[in-house]
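Novice: coords below, sequence missing:
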């Protein structure tokens, strides 16, 4: 085990797991309590357009995807705040448009880049040191914003009308939260990929919600669970030579099912 930890790519993967766990734990909690899972999925798949744009123009992928998803999330926020009764239709349309835009750009790009698959399904064992610095910077920014608006997010998450009556800028937060979601999604592209990212945002937060009595505690539990899932899936993918992103999500899903089963068994036992 000591020999394995001496490899630079393993060290980078462990750091990527920690950084991704923090972002997913904090932002995933806000996604779950605000019932924005579908919007988060729309932002994640729209990010494919940013990947296609980067390959087409030969630009760095993460910064390009970050800019594209930020614009996409802002458009979704603007559309849904005006037509909330049709928000699912609008998000679904932008979801498909982003994917289609990315695919067309990739079709028009000369040659084929083998690194593309890592953005679709994740490749945590291939995370470069440069991406770690970007992830760390996004983590710091995300934490600073959430801490600054913690009480406002808390009020908005459980009663928007009450929050608006208290003078909390609900509309501003409605735009800010999808922007933070887009930052988190870009952060963890390399970990589990665009296709599977939504599970890492929602599964730990859902479990954490069942075990927590405050928003802050929920964020902490979700962060710890994300770290467990990333490290457990990473270890399994390394030892069994499996795709890392898919293995991390599979590990999370198995844990999720076992946790719900354990709760049910304990509930039945108490009734008995």
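Specialist: Here it is on my side, so go on. Since the structure is predicted, the reported quantities are computational estimates derived from the model, not experimental observations.
Novice: so residue 193 is in which element?
Specialist: helix 189-211 (DSSP states H and E).
Novice: buried residues, the next helix or strand along the chain from that helix. List them.
Specialist: Sequence-wise, the next helix or strand downstream of helix 189-211 (DSSP H and E) is helix 215-240. For helix 215-240, burial by neighbour count (16 or more other C-beta atoms under 10 Å) applies to 215, 218-223, 225-234, 236-238. Quick note: C-beta positions are derived from backbone N, CA and C, even for glycine.
Novice: quick check: angle from helix 215-240 to helix 189-211?
Specialist: Counting by axes from the mean of the first three to the mean of the last three C-alpha atoms, to 10 degrees, helix 215-240 lies at 130 degrees to helix 189-211.
Novice: quick check: angle from the next helix or strand after helix 215-240 to helix 215-240?
Specialist: Downstream of helix 215-240, the next assigned helix or strand under DSSP H and E is helix 244-271. Relative orientation of helix 244-271 versus helix 215-240 (the same axes, to 10 degrees): 120 degrees.
Novice: does anything pack onto helix 244-271? Which helices or strands?
Specialist: Counting contacts by 3 or more C-beta pairs under 8 Å, 6 or more residues apart in numbering; DSSP states H and E, helix 244-271 is packed against helix 189-211, helix 215-240.
Novice: which one of those helices lies nearest to residue 177?
Specialist: Taking C-beta to C-beta, helix 189-211 is the member of the helices and strands packed on helix 244-271 nearest to residue 177, at 12.3 Å.
Novice: mean confidence (pLDDT) on that closest one, please.
Specialist: For helix 189-211, mean pLDDT is 85.
Novice: can you count the residues close to residue 48?
Specialist: Summarising burial for residue 48: neighbours were counted as other C-beta atoms under 10 Å, giving 26.
Novice: which residue is the nearest non-sequential neighbour of it?
Specialist: Leaving aside its sequence neighbours, residue 48 sits nearest to residue 102 (C-beta to C-beta, 6 or more residues apart in numbering; 3.7 Å).
Novice: which residues are in contact with residue 259?
Specialist: residue 207 (C-beta atoms under 8 Å, 6 or more residues apart in numbering).
Novice: what distance do you get for it to residue 203?
Specialist: 10 Å (C-beta to C-beta, to the nearest Å).
Novice: still on that earlier bit, what does the helix or strand where the residue nearest to residue 48 lies rub up against?
Specialist: According to DSSP H and E, residue 102 maps onto helix 87-108. Helix 87-108 has contacts (C-beta under 8 Å, 6+ apart) with 38-39, 41-42, 45-53, 55-56, 68, 72, 75-76, 79-80, 83, 116.
Novice: buried sites along that helix?
Specialist: Of the residues in helix 87-108, 87, 90, 91, 94, 95, 97, 98, 99, 101, 102, 105, 106 count as buried by neighbour count, 16+ other C-beta under 10 Å.
Novice: do the same with stretch 70-81
Specialist: Buried residues in stretch 70-81, defined by neighbour count with 16+ other C-beta under 10 Å: 70, 72, 73, 75, 76, 77, 79, 80.
Novice: which one of those sits closest to residue 160?
Specialist: Residue 160 lies nearest to residue 80 out of those, by C-beta to C-beta, at 12.8 Å.
Novice: list the residues that contact the closest one.
Specialist: 39, 87, 90, 91, 174.
Novice: lowest-confidence member of these, which is it?
Specialist: residue 87 (68).
Novice: helices of the stretch 1-150 of the chain, start to end?
Specialist: Along the stretch 1-150 of the chain, counting by DSSP state H, counting those that start in this stretch, helices occupy 2-5, 8-33, 37-57, 61-82, 87-108, 116-121, 129-148, 150-158.
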